[in-house]
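> coordinates for the following, if possible.
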Amino acid sequence: MARIIIVNGPNLNLLGSRETDHYGTVSLDQINSDLTELAQQLGLEVSFFQSNSEGSLIDYIHREASKADGMIINPGALTHYSYALRDAITAVNIPSIEVHLSNIHAREEFRSKSVIAPTVDGQIAGLGSYGYALALSFFADKFNKE
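As a prediction, this is how the structure comes out:
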């Protein structure tokens, strides 16, 4: 069974209550619960990690990537400037999808640039929590074909 790590960056622990006009009203716990259920249906194993600390995210990716077949990552604001996170994703070399709840290309100018995007297999933005489900479905298709 393929294992997918789902990594969430700064402030995503506040989903459901922060800037609901951009991020919706669904909490991170609810997203994780829904993804656990979907993963079971798709024949995948998932594990979750969220941190407000860039170093903790990097340490988690370094530690867990060797035990994972793929990664879904929502880097939060680190998307726009964290070359250290970008380098960590590049270094572990596993299939990865970048997910954003809001459409980063339709918001403030600084949000439209992702330093992470060139290091991942794809990016899903603007579909709310469905973006995670789409990424998980991508991995199910990918690993069920192999």
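> and the closest residue to S47 other than its chain neighbours, what's its pLDDT?
For S47, ignoring the flanking residues on the chain, the nearest one in space by Cβ to Cβ, 6 or more residues apart in numbering is I5 at 5.5 Å. Heads up, the C-betas are built off the backbone N, CA and C, glycines and all. pLDDT, I5: 98.
> I'd like to know how many residues surround I5.
24 (other Cβ atoms under 10 Å).
> run through the bridge partners of it.
S47, M71 (DSSP bridges).
> just the strands in the protein please.
Secondary structure of the chain, counting by DSSP state E: strands at 2-8, 44-50, 70-74, 96-100, 122-125.
> okay, these in JSON lines with distance to L57 next?
As requested, the strands of the chain are exported to JSON lines (distance: least, Cβ to Cβ, whole Å):
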{"stretch": "strand 2-8", "distance to L57": "6"}
{"stretch": "strand 44-50", "distance to L57": "8"}
{"stretch": "strand 70-74", "distance to L57": "8"}
{"stretch": "strand 96-100", "distance to L57": "13"}
{"stretch": "strand 122-125", "distance to L57": "18"}
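> ok, back up a step: how about the contacts made by the residue nearest to S47?
V46, S47, F48, F49, Y60, I61, E64, A65, A68, G70, M71, I72 (Cβ atoms under 8 Å, 6 or more residues apart in numbering).
> next: V26.
Contacts of V26 (Cβ under 8 Å, 6+ apart): L15, G16, G128, S129.
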